[in-house]
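Enquirer: Here's a sequence, model it:
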Amino acid sequence: MENVGIYTPPLAAKTVVSGPGSATFEPSLTVSDLEVTQSAQDKLYEIVSQTDEDVSAIRIYISGGGCGGLSYGMTFTEEKSDFDTILQFDGFKVLVDVVALNYLKGAQIDYIQEVGRERFVFNNVFAETGGSGTCGGCGAAGG
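Expert: Numbering: from 1, shown residues only. Predicted coordinates for the structure are as follows:
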């Protein structure tokens, strides 16, 4: 039987694509791609420096989609993949894979302290790609 519909991942990522209109994959991020406020940087550094694990970076990820919208989160990571972009800070780095970056480009990560509540927030999500993060056409949400 023929293997139809089975995904085979590439052996290695190619960082340069040649030809007219091609671009080079740039693994480093800038603040115009993803801004991390000073308060978020301070808290991330504190968290990384206090962990007992061998943490080399913090990974920003997205999950979900559809009518529920996307969820944004962070986790510790020990490895960088060929598809990660990097934002370097003193004492830690932030990794975002290129798929997640498409949804985060132009966003800001902030750390907010309020009475009885502290949290990271993702501001301006979809700033460059447009959209609201929700759908309105499938009918599942009564639309």
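
Enquirer: My guess is Thr37 contacts Ile112. True?
Expert: No: contact between Thr37 and Ile112 fails when scored by Cβ atoms under 8 Å: they sit 9.5 Å apart. C-beta here means a position set from N, CA and C on the backbone, and glycine is covered the same way.

Enquirer: Could you name every residue contacting both of those two?
Expert: Counting by Cβ atoms under 8 Å, 6 or more residues apart in numbering, Thr37 and Ile112 have no contacts in common.

Enquirer: Only C-alpha atoms, please: export stretch 77-95 in CSV.
Expert: The C-alpha trace of stretch 77-95 is given here as CSV (Å, rounded to 0.1, in the frame of the first residue of the first chain):
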residue,chain,number,x,y,z
THR,A,77,13.2,25.1,27.1
GLU,A,78,16.6,23.5,26.9
GLU,A,79,16.9,23.2,23.2
LYS,A,80,16.7,25.4,20.1
SER,A,81,15.2,24.0,16.9
ASP,A,82,16.2,24.9,13.3
PHE,A,83,13.0,26.8,13.0
ASP,A,84,13.4,29.1,16.1
THR,A,85,14.0,32.8,16.1
ILE,A,86,15.9,34.3,19.0
LEU,A,87,15.6,37.5,21.1
GLN,A,88,18.6,37.8,23.4
PHE,A,89,18.6,39.5,26.8
ASP,A,90,21.1,39.7,29.7
GLY,A,91,20.8,36.3,31.4
PHE,A,92,18.3,34.6,29.2
LYS,A,93,16.9,34.4,25.7
VAL,A,94,13.4,34.1,24.2
LEU,A,95,12.7,31.5,21.4
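
Enquirer: Show me what the mean pLDDT comes to for it.
Expert: Confidence over stretch 77-95 (mean pLDDT, whole number) is 89.
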